[in-house]
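Student: Starting from these lines, generate the structure:
(3 chains)
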Amino acid sequence: MLAPRLTGRRIIAVQFFARRVLRGRPRQVAARLEGTTVQAVRRHGKFIVIELDGGLVLTLHLGMTGTLLWDAAPGPHTRAVFRFPHGRLLFDDPRQFGRIELGDSLPERVTRLGPDALSISPEDFAGRLRQRRGIIKPVLLNQTVLRGLGNIYTDEALFRARIHPRAIAARLRAERLRRLHGAIQEVLHAAVRAGGSSISDYVDAEGRQGLFQFEHRVYGRTGEPCSVCATPIRRIVVAQRGTHYCPRCQRL
DNA sequence: ATCGGTACCTGCACGC
DNA sequence: TGCGTGCAGGTACCGA
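Tutor: Next comes the predicted model:
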């Protein structure tokens, strides 16, 4: 866990190695960070928010391939190193879709996001989805509607709620919306418990793999029998994202 | 204001 | 073996 490890600790030195991962100038950002103490570490949807002295806020996003590693050896994909008295935090990211940003407050791109998927009430959830025109999957992926859901967990939640990924969001009945809200909670809690999904080589800060991929019921299981009805899981493309579902359990 | 499509990157699995 | 292709836990930006 990052929070207990970093909270109360002083950043001694910072180095950036990436062209596009850091928003801002490397030397400038490093200079502002060095000597500050971590006050708190929070999650805001998919963003990691590190609060520092004097209201400084360091915001991290891991993108698709980012990893935070504690006391690991820097490698070719190390984009930033934060040195502490008791060790160092590495930001590794092969594809450089991750972002690091330092500011005097949470950036607007972060504050404007919708309520967190893990704390939204069923009523607020239903209200927000009913306001949307589009199909359900891209709506769930839209972080300004709801923050925290990505491609894997959206597919998994829709399967558990028995809703087709192309269903029209605004037309879902109240009962189905309640089921979807519950499925999202279930999937996210189970994923957190299992340490996330290690699809290729994803690991936590300690280098441990997640185990939730073994609990995936549709994601990455194209052609395998559905765990409920044995119909082969199908893969389609929705909103340019690979989408996995059971054609029998999830009807339009 | 909200959409769908595209761009941004690199690595890997697969088929020929 | 080597090469081309398609695919990948995401977001930002473009024009419609």
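
Student: and the stretch 151-252 of chain A, which residues reach DNA strand B?
Tutor: A:Ser200, A:Ala239, A:Gln240 (CB under 7 Å from any atom of the strand). From N, CA and C alone the C-beta is placed, and that goes for glycine too.

Student: Would you check that the second one makes contact with A:Leu141?
Tutor: Yes: A:Ala239 sits in contact with A:Leu141 when judged by CB atoms under 8 Å, with a separation of 6.8 Å.

Student: Could you tell me which of the residues of the stretch 151-252 of chain A next to DNA strand B belong to strands?
Tutor: With DSSP state E as the criterion, strands contain none of these.

Student: With A:Ala230 as the reference, measure out to the residue in the stretch 51-200 of chain A positioned nearest to DNA strand C.
Tutor: Closest to DNA strand C within the stretch 51-200 of chain A is A:Gly150: 2.2 Å, counting by CB to the nearest atom of the strand. For A:Gly150, the distance to A:Ala230 (CB to CB, to the nearest Å) stands at 28 Å.

Student: ditto for A:Thr154
Tutor: A:Thr154 is 23 Å from A:Ala230, by CB to CB.

Student: cool, A:Asp201 as well?
Tutor: A:Asp201 is 32 Å from A:Ala230, by CB to CB.

Student: ok so, going back, who has more neighbours out of A:Gly150 and A:Ala230?
Tutor: Neighbours were counted for A:Gly150 and for A:Ala230 using other CB atoms under 10 Å; A:Gly150 has more, 16 against 10.

Student: SS state for A:Val237?
Tutor: strand (DSSP: H, G, I helix; E, B strand; the rest coil).

Student: doesn't A:Tyr245 make contact with it?
Tutor: No: using CB under 8 Å, A:Val237 is not in contact with A:Tyr245, being 11.8 Å away.
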